[in-house]
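Engineer: could you work out the structure for the sequence below:
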Amino acid sequence: MPAPQNAPRNAISLTLDGTPDFPSVVLQALYRITRRSTPELRRAIRAAEPIFTAALFGNDHIDVVPRLEKTVDYLDGLNIPFTLHEWVDGTRDEITVPLMREIIEAADGSFA
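Structural biologist: The predicted model follows:
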């Protein structure tokens with residue numbers, strides 16, 4: 001699958017598995033973590049699109065990576081299944097949470 005037009009060249013995205021209909025409390029928590037509005041989250045979930053994308057190696061890295069990690073931890077804590085993808089130069093590969101953490105560690109300090 002090609003990267004969406006607005007996707008960063010190097011990023012990690014998180015997409016929920018399926019199209020769960022979350023209660024407001026879960027959406028509110030996701031809003032606080034991801035800073036995406038409830039309507040944006042609902043649209044992304046229904047469309048099976050990423051609910052959060054963290055650009056790596058850019059100026060926003062220091063802000064978005066902790067939110068990605070918090071989103072992963074929150075969903076893991078609720079046993080909500082999700083898929084992570086690493087986007088590199090327009091292509092994507094599914095990755096595991098441990099590999100996500102390795103990639104993040106490697107990216108720390110490598111800002112544009």
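Engineer: who touches F82 in this structure?
Structural biologist: F82 makes contact with 14-17, 72, 75 under the criterion C-beta atoms under 8 Å, 6 or more residues apart in numbering. Every residue, glycine included, has its C-beta placed from N, CA and C.
Engineer: in strands only, show me those.
Structural biologist: Per DSSP state E, strands hold the following members of these: 14-16.
Engineer: nearest to T96 among the residues you listed?
Structural biologist: Distances from T96 to the ones in strands among the contacts of F82, taken as C-beta to C-beta, are shortest for L14 (12.4 Å).
Engineer: quickly list what the closest one is bridged to.
Structural biologist: On the basis of DSSP bridges, L14 is bridged to F52, L84.
Engineer: mind listing the strands for this protein?
Structural biologist: Assigned by DSSP E, the strands in the chain fall at 10-16, 52-55, 82-88, 91-95.
Engineer: so which of these comes closest to R32?
Structural biologist: The nearest among these, by C-beta to C-beta, is strand 52-55 at 12.3 Å.
Engineer: what's the mean pLDDT across that closest one?
Structural biologist: The average pLDDT within strand 52-55 is 90.
Engineer: what lies in contact with it?
Structural biologist: Strand 52-55 is contacted from outside by 7-8, 10-14, 34, 36, 61, 64-65, 67-68, 71, 87, using C-beta under 8 Å, 6+ apart.
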